[in-house]
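>>> Predicted structure and sequence below. I'll ask about it afterward.
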Amino acid sequence: MHKLFKANGERPLKIVFNINTNMQIGEVYECFIWEVGSYMWRNIGFDKDTWTDVSEAERVGMLQFLLRWFDFDAITNHHMAPTCWASLNNRICARYRGRKNIANNRLIDFAGDVKAARAQAPTGMDRQRWNAAIDHFLMEKHQKRSAGNRECQKKQVVKNRGGTCSYGSVCFKKT
């Protein structure tokens, strides 16, 4: 990302949208979504059910951080701005779920030894946020939903193999 930023005269980078699908595509988008995930890991707790449950102050803080690197005015001034913002927010929500899943899997790796898990916060994650995430993952409400989700995943005919990369970005890279 830093190379792209320097090549752009150290001006914020524009996120490109596919005009047919309004999905983000390209290298700048990949940098954006990586920065979103990194920021979440360092600064936002995974003790909420969804991204929309994260406090507005935390969400705004992330966008303020990202303003240094990415040109949000280009999105706001786009003729399809509401659709573009909704698409971008959808990807941010997905990134939150993905990062939260990584944290949950880290807890699962401790095979029920919560005390050992609490003692070893993941690299880059604040211990207080890690402990709050553990408390969230151990709640009965979360446990029930996780069990239900696992059952639904077993029934899926086609598995998603795209990872954090959107379908539009995968298609863009192949061309």
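That came through fine. Numbering: from 1, shown residues only.
>>> From here on, just use CA atoms for contacts and neighbour counts.
OK.
>>> show me the residues around Glu58 that make contact.
Ile44 (Cα atoms under 8 Å, 6 or more residues apart in numbering).
>>> cool, the one 10 residues further on as well?
Arg68 sits next to Pro12 when contact means Cα under 8 Å, 6+ apart.
>>> Look at it and report its pLDDT.
Looking at Arg68, its pLDDT stands at 93.
>>> Strands along the protein, start to end?
Along the chain, the stretches classed as strands by DSSP state E are 16-17, 24-25.
>>> Could you dump the ones you listed into a markdown table with distance to Glu58 added?
Below are the strands of the chain laid out as a markdown table (distance: least, Cα to Cα, whole Å):
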| stretch | distance to Glu58 |
| --- | --- |
| strand 16-17 | 25 |
| strand 24-25 | 23 |
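>>> Mean neighbour count, those: which tops it?
strand 24-25 (a mean of 24; mean count of other Cα atoms under 10 Å).
>>> In the sheet, which strands lie alongside it, parallel or antiparallel?
According to DSSP bridges, strand 24-25 forms sheet pairs with strand 16-17 (antiparallel).
>>> contacts for the partner strand?
So strand 16-17 is contacted by 23-26, 28-29, 84 (Cα under 8 Å, 6+ apart).
>>> Could you check how far Lys155 is from Gly148?
Distance of Lys155 to Gly148, given as Cα to Cα, to the nearest Å: 11 Å.
>>> Tell me which of the contacts of strand 16-17 fall in helices.
Secondary structure from DSSP state H places 26, 28-29, 84 of the contacts of strand 16-17 in helices.
>>> re the thing from before, now for the strands of the chain, which one comes closest to Ile33?
Comparison of these against Ile33 by Cα to Cα identifies strand 24-25 as nearest, at 9.9 Å.
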